[in-house]
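K.L.:
Sequence and predicted structure are below.
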Amino acid sequence: MKPSAGLLPLYLELYDDRLPEMRKVLDPFAAQVAAGLQQQGITIVQTPVVRTRQEAEHALQLMEKGNVDAVVTLHLAYSPSLVSAELLARTSLPVILCDTTMDYSFDQSTDINRLLYNHGIHGVQDLASVLRRMGKHFEIAAGHLTQSNVLQRTAQLVRAAAAAKSLRSTRALRVGDAFVGMGDFSVPEEQLARLLGIKVDQIDPTDLVGFAKRLSAAELDAEIARDRELYRVTASEGVHRRSVRVSLALRKCLEEGGYSAFSMNFGCFNSRQEPIDTVPFLEASKAMSRGIGYAGEGDVLTASLVGALARSFGDTTFTEIFCPDWKGNTLFLSHMGEINPALSAGKALLCEKPYSLSDTNNPAILAAACRPGPAVLVNLTPGPDASFDLLLAPVEVLDDSTHPSMQEQVRTWIRPGRPLGDFLETYSRHGGTHHSAMVLNGNVEALKAFAAFVGFGCHVI
């Protein structure tokens, strides 16, 4: 998903009346900011320069009609806050203040005439103060246009707004009942819909039979051929084909139902008879690479989180903390057979998985480790009084395993930024669940903004 923003250039009408030549310089500056945000992967809806309340109202109507993910304000010069503040406070769109100027230096040797082109920051302060008083949440990124990362940070904040909107418009599918007794992610569906906008449908694996029967041999052959291009395949033809058949049936169900997230209970797949004769772990992994959220065991809450982050920030996978390495101060992440292959350190391995947890045939899975580097572990935990908190843990993803027995497993090792015992204690004190998302190269500032835009509490561990 390509996030979008409406760029709102704010200006003083007096300057157009008395100093019209200024616009010959400032209009290209606004265009430069728009182009810079577009280079960061943001679709920009740019409105004419806003000097009056009427112009601000028209600009915001265009943005709302265009269904942008956020409003980005840009002060070309001083603009009185009451021109736009009430309208910005009233809109449902998230507001981001981009606080930047034309000149990198304004020191003791500066010509006083440059003041006219670089004094927008006190307009930012006026607007920010009034928005705060009005109770309108906003985010802000400040820095020089080209000599800082202000446009990158602004773009990341737009992505946060897009993720918030994506989460609140999730339609999630649960295949089978949620795993009996798992309570940490369990939230009544009425609360998911009312508090977060997540709508949930549930089916049984047998409901996929009709989708499977509509598959042609050519569709199966084409998917198998793509797998052989993308992955290292060691699964037998029979195991591969049955897994592809069940996976494509599930994919058709997701596509035709308009679902952006799903979860499944592996134990509900209990038939050895075609066409639904194994667990579709393969599609769980592939779906995440397409931006469809996933989590195991019927956890539609975490699945919705994974999808919203993946579509807005990319490079996101579902995962679980499994085992501590006390000696190395690291944690082992894994799951039965689900990982986003787009995050793999190398070509994922498509292999047969020995399976005995329900009465069905062995599935094929994608076995891989996430590529090393910085990441953020993201956990959405239900709290008291129908509240939710987002836990953010900056971590380092380590190199892949060396033991041969690990090569056919979903696996990743991470090192948190504090001693392991302290990390685990803090994580559990904040109610962290055993299902999480992980975003490679995740931006903590943007993820905190995502939490704020949705209305979550947020804790950085």
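P.N.:
Done, it's in.
K.L.:
Domain-wise, how is this structure divided?
P.N.:
Split into domains by automatic domain parsing, the chain comes to 4-168, 171-460.
K.L.:
With mean neighbour count and mean pLDDT as added columns, please give those in TSV.
P.N.:
Heads up, the C-betas are built off the backbone N, CA and C, glycines and all. TSV is the format used below for the domains of the chain (neighbours: other Cβ atoms under 10 Å; pLDDT from 0 to 100):
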stretch	mean neighbour count	mean pLDDT
domain 4-168	18	96
domain 171-460	20	97
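K.L.:
tell me the SS of the residue nearest to residue 302 when sequence neighbours are not counted?
P.N.:
By the measure of Cβ to Cβ, 6 or more residues apart in numbering, the closest residue to residue 302 outside its immediate chain neighbours is residue 295, 3.7 Å from it. The local conformation at residue 295, judged by DSSP: H, G, I helix; E, B strand; the rest coil, is strand.
K.L.:
again with residue 434
P.N.:
What three-state DSSP gives for residue 434 is coil.
K.L.:
List phi and psi for it.
P.N.:
The phi and psi values for residue 434, taken as degrees, to the nearest 10, are phi -90, psi 0.
K.L.:
and it, what does it touch?
P.N.:
Shown in contact with residue 434 (Cβ atoms under 8 Å, 6 or more residues apart in numbering): 184, 320-321.
K.L.:
so which of those residues would you say is closest to residue 374?
P.N.:
Lowest distance from residue 374 to those (Cβ to Cβ) belongs to residue 321, with 17.6 Å.
K.L.:
Which of the three states applies to that closest one?
P.N.:
For residue 321, the assignment made with three-state DSSP gives strand.
K.L.:
give the contact list for it.
P.N.:
Per Cβ under 8 Å, 6+ apart, neighbours of residue 321: 331-333, 377, 434, 436.
K.L.:
can you check residue 1 too?
P.N.:
Listed by Cβ under 8 Å, 6+ apart, the contact set of residue 1 reads 162, 166, 291, 311-312.
K.L.:
Residue 224: which of the contacts of residue 434 is nearest?
P.N.:
Closest approach to residue 224 among the contacts of residue 434 (Cβ to Cβ): residue 320, at 29.1 Å.
K.L.:
which residues are in contact with stretch 76-89?
P.N.:
Contacts with stretch 76-89, where a contact means Cβ under 8 Å, 6+ apart, come from 8-12, 15, 22, 26, 29-30, 49-53, 56-57, 60, 71, 73, 95, 116-117, 119-120, 122-123, 126-127, 129-131, 134-136, 138.
K.L.:
among those, which are in helices?
P.N.:
When DSSP state H is applied, these are split such that 15, 26, 29-30, 53, 56-57, 60, 122-123, 126-127, 129-131, 134 fall in helices.
K.L.:
separation between the most centrally placed residue in the chain and residue 296?
P.N.:
With distances taken as Cα atoms, centre = their mean, the residue of the chain nearest its centroid is residue 309 (1.1 Å). As judged by Cβ to Cβ, to the nearest Å, residue 309 and residue 296 stand 17 Å apart.
K.L.:
do residue 344 as well
P.N.:
Applying Cβ to Cβ, the value for residue 344 to residue 296 is 19 Å.
K.L.:
if we can go back for a sec, which pair in the contacts of residue 1 has the greatest spatial separation?
P.N.:
162 and 291, at 11.8 Å, using Cβ to Cβ across the contacts of residue 1.
K.L.:
Spit out the residues that contact these two alike.
P.N.:
What both residue 162 and residue 291 touch, as defined by Cβ under 8 Å, 6+ apart, is the set 1, 311.
K.L.:
In the sheet, which residues pair with residue 388? Tell me.
P.N.:
residue 382 (DSSP bridges).
K.L.:
Show the contacting residues for residue 451.
P.N.:
Applying Cβ under 8 Å, 6+ apart, we find residue 451 in contact with 390, 392, 457-458.
K.L.:
Which of the three states applies to it?
P.N.:
On the basis of three-state DSSP, residue 451 is classed as helix.
K.L.:
What's the separation between it and residue 259?
P.N.:
Using Cβ to Cβ, one obtains 24 Å as the distance from residue 451 to residue 259.
K.L.:
do the same with residue 223
P.N.:
For residue 223, the distance to residue 259 equals 19 Å [Cβ to Cβ].
K.L.:
In contact with residue 342, which residues?
P.N.:
For residue 342, the contact set (Cβ under 8 Å, 6+ apart) comprises 288-289, 315.
K.L.:
no no, residue 32
P.N.:
Going by Cβ under 8 Å, 6+ apart, residue 32 touches residue 145.
K.L.:
pretty sure it is in a strand, no?
P.N.:
No. Counting by three-state DSSP, residue 32 is located in no strand; its state is helix.
K.L.:
what about it, distance to residue 9?
P.N.:
Where residue 9 is concerned, residue 32 sits at a distance of 11 Å (Cβ to Cβ).
K.L.:
Three-state assignment for residue 221, please.
P.N.:
Applying three-state DSSP: residue 221 is helix.
K.L.:
Residue 405 now?
P.N.:
Secondary structure state of residue 405, per three-state DSSP, is helix.
K.L.:
what do you get for residue 375?
P.N.:
Here residue 375 is recorded as strand under three-state DSSP.
K.L.:
One more: residue 241?
P.N.:
helix.
K.L.:
ok, now which ones touch it?
P.N.:
Going by Cβ under 8 Å, 6+ apart, residue 241 touches 220, 224.
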